[in-house]
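In: Got a predicted structure here, sequence first:
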Amino acid sequence: METKQVQSRIGPDGVLTLQLPFAPEDANRPVNVTVTPAVSAGDVGQAEWAEIVNRVYGSCAGLDLEEPADEPWPPAST
């Protein structure tokens, strides 16, 4: 069974309804559902944004990524 992540919206009645398709062989299997509020860019303060950037960058730190050289602008025409 694969892990699925979806975004949804709570209805005007205050009820969150989810429908997620799975393979028939996954029928009747127990699952865990965790609900966390979605965060939009306008909801995030500077400290929280810095933490998000550090967490994302930190997940890539061991990949030995290098920033590419700046390309000349405007691009050379061919």
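Out: Arrived safely.
In: which residues sit in contact with Leu20?
Out: Leu20 is in contact with 4, 6, counting by CB atoms under 8 Å, 6 or more residues apart in numbering. All C-beta spots, glycine's among them, are computed from the backbone N, C-alpha and C.
In: count of neighbours near Asp44?
Out: Careful, residue 44 is Val; it's not Asp. Around Val44 there are 13 other residues, counting by other CB atoms under 10 Å.
In: these two touch, right, it and Ile52?
Out: Yes - in this structure Val44 lies within contact range of Ile52 using CB atoms under 8 Å: 7.1 Å.
In: At which residues are the helices of the protein located?
Out: 46-60 (DSSP state H).
In: what about it, any weak spots by pLDDT?
Out: Low-confidence segments of the chain (pLDDT under 70): 41, 75-78.
In: Mind doing that once more with 90?
Out: By pLDDT under 90, the weakly predicted segments of the chain are 1-9, 20, 34-78.
In: Enumerate every residue touching Val44.
Out: Here Val44 is in contact with Ile52 (CB under 8 Å, 6+ apart).
In: Then Val39?
Out: Applying CB under 8 Å, 6+ apart, we find Val39 in contact with Glu48.
In: One more pass at 10 Å, please.
Out: 48-49, 52 (CB atoms under 10 Å, 6 or more residues apart in numbering).
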